[in-house]
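# With the sequence up front, the predicted model follows.
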There are 2 protein chains.
Amino acid sequence: MANKATKQHPSRGKAASRPRKRSKAPYHHGDLHEALLKAAERVLERDGLAGLTLRAAAREAGVSHAAPAHHFGDVTGLLSELAAVGFRRFAASLRAAAAKAVPAQGDARLLAIGMAYVAFAREYPGLFMLMFRGDRLDIRRPALEKALQESNMALASAIGELRNEAVIPERPTVAQAAQMVRSWSMVHGFATLLLDRRLDGLLALLPETSADDLLSAMLNAD
Amino acid sequence: MANKATKQHPSRGKAASRPRKRSKAPYHHGDLHEALLKAAERVLERDGLAGLTLRAAAREAGVSHAAPAHHFGDVTGLLSELAAVGFRRFAASLRAAAAKAVPAQGDARLLAIGMAYVAFAREYPGLFMLMFRGDRLDIRRPALEKALQESNMALASAIGELRNEAVIPERPTVAQAAQMVRSWSMVHGFATLLLDRRLDGLLALLPETSADDLLSAMLNAD
DNA sequence: CTTCAATATTGACGTTGTCAAGATATCTAG
DNA sequence: CTAGATATCTTGACAACGTCAATATTGAAG
């Protein structure tokens, strides 16, 4: 902070001079809401969930320790909004994989989607763990609730398409639900066990076999 | 350290007029190590993992705030030892289910073991979540390492028996490992999704269908 | 009984989440 | 253009936490 009177961190180069009216109008910082989420994700992937504190996110973003409270309320709020970011990104990944696998059929589709599911978990391990850490999230937060729904939709339709059912029916049969949960549990269990390093021992017994190889073999063993 | 031998199994019938009632070698408290673990489990199931702090466990056990440090070093130590308790109990549950299902074959066995796996998660939700919270545990702790191995053994042999392979072979084929991981991921994914309340929406679409019913249908859909 | 080491308590320090009050910048009315 | 009004951000405080050092207490060996 150079000079206090002429503080020069307002309006970060609004070159387009666009009249801010839509969604969240940036005031002092520019867009601290977004900046804090990005800072929080950096801290999360760098220091893990234990290192992601309100104050750490504030430090990373270069603001005072209490600034995040105005945007997220409390630490649960920040984590929930960050998880929402994760779910949106996750849904996009699943949709992309499903779109790319359009020509494939049956097991080949499940393989593609399962690989995308696990690939996301490996690419954003901290985010993925946070997303499924129910005890630190407030599921009633609108942003999270919406992102969760989006993610569930993407997953359900991606898996549902396996059986030529574009989306989950209003009244699925138990057998349909079982098939859905079966695919989901399998791939989710694999992802969580992998991130928790619970598969290291088994993988060590399989030289020349990567985690992806094992996942592929698992999904193809029907 | 010199009197470690005396801590092993002193006289069990020392229930005299002393305020000592425990079996191990009691010093000031009696057996604070055990008492703290039990207190910690009570706190965990009552207040969740977030409420389980060193000081909370000390309060629950009625000792000073720094007492746990002498038995567990730091908070990771306490959580790791508690997770070890969980893994031992978990292994016992799996062994019991496997023993009871001896006459059953193939899928019926997988069903019994899978049900036991999920039943444990539902009976001790806090403990189960802690056990798979790798970021808060120190896997190199001897007690945890040993309990983890015991649990893995119980699981591997329980699942391995499905295919008349009493234990994981030294050099399993990728197909064998895939089958093992498949069963494990399926049941573990189901348990975690259930505890994280991620299956509530789907279950709500299935009236008259309990979580156990869904699990059963999932495991039988081969 | 004396001594010693294991056990437990007390007090302190830095960090965290959260709240209240003040400061600052943007918006809007007139 | 000026002056509130309002949203944003900072500062300071407090209790709870993990951890460490110093101290007190107790069981057991010599």
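Received, thanks. Numbers count the residues shown, from 1 in each chain, chains lettered A, B, ... in the order given.
# Output the longest helix belonging to chain A.
Ranked by residue count under DSSP state H, the longest helix found in chain A is helix A:75-100.
# I'd guessed A:Met218 sits against B:Arg182; true?
Yes - between A:Met218 and B:Arg182 there is a contact at 4.7 Å, judged by C-beta atoms under 8 Å. C-beta coordinates here come from the backbone N, C-alpha and C atoms, glycine included.
# When the two are compared, which one has more neighbours?
Neighbour comparison, A:Met218 and B:Arg182: the larger count goes to A:Met218, with 27 against 22 (by other C-beta atoms under 10 Å in any protein chain shown).
# give the contact list for the more buried one.
A:Met218 sits next to A:Met186, A:Phe190, B:Ala178, B:Val181, B:Arg182, B:Ser185 when contact means C-beta atoms under 8 Å, 6 or more residues apart in numbering or on different chains.
# Output those as a markdown table; include the columns pLDDT and distance to A:Gln149.
Output for the contacts of A:Met218, formatted as a markdown table (pLDDT from 0 to 100; distance: C-beta to C-beta, whole Å):
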| residue | pLDDT | distance to A:Gln149 |
| --- | --- | --- |
| A:Met186 | 97 | 22 |
| A:Phe190 | 98 | 24 |
| B:Ala178 | 96 | 33 |
| B:Val181 | 96 | 30 |
| B:Arg182 | 96 | 29 |
| B:Ser185 | 98 | 25 |
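# circling back: common neighbours of A:Met218 and B:Arg182, please.
Counting by C-beta under 8 Å, 6+ apart, the residues touching both A:Met218 and B:Arg182 are A:Met186.
# From chain B, how far off is the most centrally placed residue in chain A?
Computing the C-alpha centroid of chain A and ranking residues by C-alpha atoms, centre = their mean puts A:Gly86 first, at 2.1 Å. Counting by C-beta to the nearest C-beta, to the nearest Å, the separation of A:Gly86 from chain B is 14 Å.
# Likewise for A:Asp213?
7 Å.
# I'd assumed A:Met180 was in contact with A:Gly160.
Yes - with contact defined as C-beta under 8 Å, A:Gly160 counts as touching A:Met180 (7.1 Å).
# before we move on, back to that, so does the longest helix of chain A get close to DNA strand D?
No - residues of helix A:75-100 are not located near DNA strand D by C-beta under 7 Å from any atom of the strand, the shortest gap being 12.8 Å.
# Would you confirm that A:Gln179 contacts B:Ala221?
Yes - A:Gln179 is within contact range of B:Ala221, at 6.0 Å (criterion: C-beta under 8 Å).
# Which of these two has more residues huddled nearby?
Shown here are A:Gln179 and B:Ala221; by other C-beta under 10 Å, A:Gln179 has more neighbours (20 against 13).
# For stretch A:114-126, list every residue counted as buried.
The neighbour-count check on stretch A:114-126 (16 or more other C-beta atoms under 10 Å in any protein chain shown) flags A:Gly114, A:Met115, A:Ala116, A:Tyr117, A:Val118, A:Phe120, A:Ala121, A:Tyr124, A:Pro125, A:Gly126 as buried.
# can you list those in TSV and add distance to DNA strand D and secondary structure?
Listed next are these as TSV, based on distance: C-beta to the nearest atom of the strand, whole Å; DSSP: H, G, I helix; E, B strand; the rest coil:
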residue	distance to DNA strand D	secondary structure
A:Gly114	38	helix
A:Met115	38	helix
A:Ala116	35	helix
A:Tyr117	34	helix
A:Val118	32	helix
A:Phe120	30	helix
A:Ala121	28	helix
A:Tyr124	26	coil
A:Pro125	23	helix
A:Gly126	20	helix
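# what's the spacing between A:Leu205 and DNA strand D?
Per C-beta to the nearest atom of the strand, to the nearest Å, A:Leu205 is found 34 Å from DNA strand D.
# My read is that that residue contacts B:Arg171, right?
Yes - A:Leu205 is within contact range of B:Arg171, at 6.7 Å (criterion: C-beta under 8 Å).
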